[in-house]
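Asker: Here is the input, now give the coordinates:
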Amino acid sequence: MKLGIIGLPQSGKTTLFEALTGSPANPALRTENRMRAINVPDVRVDALSQMYNPKKTVYAQVEYFLPGLGGQKSAKDGEAAYWAQLRACDAFIHVIGCFGQSDTGPSESFQKLNEDLIFADLVVAEKRHERLSRDKQYGRAYDQDEFHLLESVKNWLEENKSLRHHPELATAHKLRGFTFLSAKPMLILFNNEEGNNALPDIKEQLNGELSLALQGQIEHEIAEMSEEDAQEFLAEYNITEPATGRVLLESYTLLGLISFFTVGEDEVRAWTVKKDVHAVEAAEEIHSDIKKGFIRAEVVSYDHLMEAGSLAEARKKGTLRLEGKEYQVQDGDIVHFRFNV
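Answerer: Predicted coordinates:
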């Protein structure tokens, strides 16, 4: 999972990137691209690792990407390059600064960046649609389905609407290669000033977007503390947990992701998949050969395994079961795939 951090200038993007990733502050990097992968904390992985004492424990990971603006010949080139490098992200974290000195309110900030995403997509859609139109005009072969889909995309974007609010277009197979920016899921992070944990009252403007309020500067300070000091600091500021955990939880919800686990003496590992993915597709996450030679999946829920104490006991209790290709993997499943290639 790769999450791009975006927002207007001075919204606190860098502060939150450093808080979420535990990266030290470095003003010299503010014009450079920054990317960092972090482990996704999971108490279930911890417990399974204690149970199996494996040679290796592997947590799920998420990549945070903060694009820079340096190195371009012109403002136009810089803007195009800025959006181009964000197209590989799975979702966006849109940081909105909510400071006392801010000239732009949260509603205006949200609308401004949203319009930037829409405009960037419209440029791409129009360019390709014009090329297909010329092919049609001169009697050359062209993809009619793509032509009509792009026409729908243009009409939708021209109404200043994000493609993520039109799931049929956002997920259309023939449009996947365009990696439209406004089609990507978005988590809104309101970067509040110290002492403010509240969400701003702009629910109507957000149009159902998932949102979270944080105190960015406080979170940055917490990320630099020892665990003991951080716990005291959290209590003092009435913060339930550091930003890292809350943002990761909301990001999984945003993308409809779950974790399943594989266990053994060699390795305990968390795997990230889409909610309700079929067992045979989950097998491919581990290796394509497992999908190809899939026979059955041995499955037990995390809670049942913890209750039984071992896979052998879970089998005796009947909570370890065999499932076929069409089984929809659930969050917290411990899975062993039987396969033959």
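Asker: hey, where'd the strands end up in the stretch 1-150 of the chain?
Answerer: For the stretch 1-150 of the chain, the strands defined by DSSP state E, counting those that start in this stretch cover 2-7, 34-39, 56-58, 61-66, 91-98.
Asker: Deepest-packed of those strands, please.
Answerer: Most buried of the strands of the stretch 1-150 of the chain, by mean neighbour count (mean count of other C-beta atoms under 10 Å): strand 91-98, with a mean of 24. Any C-beta I mention is one placed from the backbone N, CA and C, and that applies to glycine too.
Asker: Give the partner strands of it in its sheet and their orientations.
Answerer: Strand pairing for strand 91-98, determined by DSSP bridges: strand 2-7 (parallel), strand 186-192 (parallel).
Asker: Tell me which of those lies nearest to Val124.
Answerer: With distances scored as C-beta to C-beta, the stretch of those nearest to Val124 is strand 2-7 (16.7 Å).
Asker: Ala279: neighbour count?
Answerer: 22 (other C-beta atoms under 10 Å).
Asker: Next: Asn191.
Answerer: The number of residues packed near Asn191 is 24, by other C-beta under 10 Å.
Asker: Would you agree it is in contact with Ser11?
Answerer: Yes - counting by C-beta atoms under 8 Å, Asn191 does reach Ser11; the two are 6.2 Å apart.
Asker: Count the residues that sit near the closest residue to Asp135 other than its chain neighbours.
Answerer: Nearest residue to Asp135, sequence neighbours excluded (C-beta to C-beta, 6 or more residues apart in numbering): Tyr142, at 3.9 Å. Other residues near Tyr142 come to 16 when the count uses other C-beta under 10 Å.
Asker: Now for Tyr142: which residues touch it?
Answerer: Going by C-beta atoms under 8 Å, 6 or more residues apart in numbering, Tyr142 touches 132, 135-136.
Asker: Which ones among these map onto helices?
Answerer: Using DSSP state H, 132, 135-136 are the members of those that sit in helices.
Asker: any weak-confidence spans in the stretch 51-200 of the chain?
Answerer: 69-78, 100-103 (pLDDT under 70).
Asker: closest to Leu257 among the ones in helices among the contacts of Tyr142?
Answerer: Taking C-beta to C-beta as the measure, Leu257 lies nearest Leu132 of the ones in helices among the contacts of Tyr142, at 34.6 Å.
Asker: thinking again about what came up before, now for the contacts of Tyr142, which sits with the most neighbours around it?
Answerer: Those, ranked by neighbours (other C-beta under 10 Å): first place Leu132, 18 neighbours.
Asker: I'd like to know how far it sits from Ser152.
Answerer: Distance, Leu132 to Ser152, using C-beta to C-beta, to the nearest Å: 13 Å.
Asker: That concludes my questions; thank you for your assistance.
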